[in-house]
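1. here is my input, please return the structure:
(one chain, ligands or ions: 1)
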Amino acid sequence: MGVVRRRQYCGLCGQLMFEFYRSPDGHFGIVDDVSPYHDPARGEIRCPICSARYKLLERIDPTGVPVRKV
Ligand SMILES: [Zn+2]
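-> The predicted model follows:
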């Protein structure tokens, strides 16, 4: 129960991209300031190290992650 704090790593290079709060209903909020790597118009976020692009999901997916590789 309650909100859980998790870390999201880049699937390509393993870099920590951001931490997020996950609520039981699948919604999430990013803890860190990711504005340099976030493209709100496309709904995408980039890895700060290797620039891999990820789609930010509206909710956590069944595997527990808030992003999907573009
Ligand atoms: Zn990366």
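2. mind listing what Asp32 touches?
-> Taking CB atoms under 8 Å, 6 or more residues apart in numbering, we find Asp32 in contact with 18-19. The way it works is simple: take the backbone N, C-alpha and C, and place the C-beta from them, glycine included.
3. now it: how far from Cys10?
-> 14 Å (CB to CB, to the nearest Å).
4. and for Tyr37?
-> Counting by CB to CB - Tyr37 and Cys10 are separated by 11 Å.
5. shared neighbours, these two?
-> What both Tyr37 and Cys10 touch, as defined by CB under 8 Å, 6+ apart, is the set 17, 47.
6. the residue lying closest to His38 once chain neighbours are set aside: neighbouring residues, count only.
-> Leaving out its chain neighbours, the residue that sits closest to His38 by CB to CB, 6 or more residues apart in numbering is Ile45, at 5.1 Å. By the criterion of other CB atoms under 10 Å, Ile45 has 23 neighbours.
7. in what element of secondary structure is Ile45 found?
-> Take DSSP states H and E as the rule and Ile45 turns out to sit in strand 44-46.
8. just list what that strand packs against, helices and strands only.
-> Packing partners of strand 44-46 (3 or more CB pairs under 8 Å, 6 or more residues apart in numbering; DSSP states H and E): strand 38-39, strand 53-56.
9. to Pro62, which of these lies closest?
-> strand 53-56 (15.5 Å; CB to CB).
10. tell me if the closest one is near the ion.
-> No. Against the ion, strand 53-56 shows no contacts by CB under 5 Å from the ion, the least distance being 9.3 Å.
11. shift numbering so it begins at 818
-> Sure thing, new numbering starts at 818, so read that last one as strand 870-873.
12. quick one: strands adjacent to that strand?
-> strand 861-863 (antiparallel), strand 884-886 (antiparallel) (DSSP bridges).
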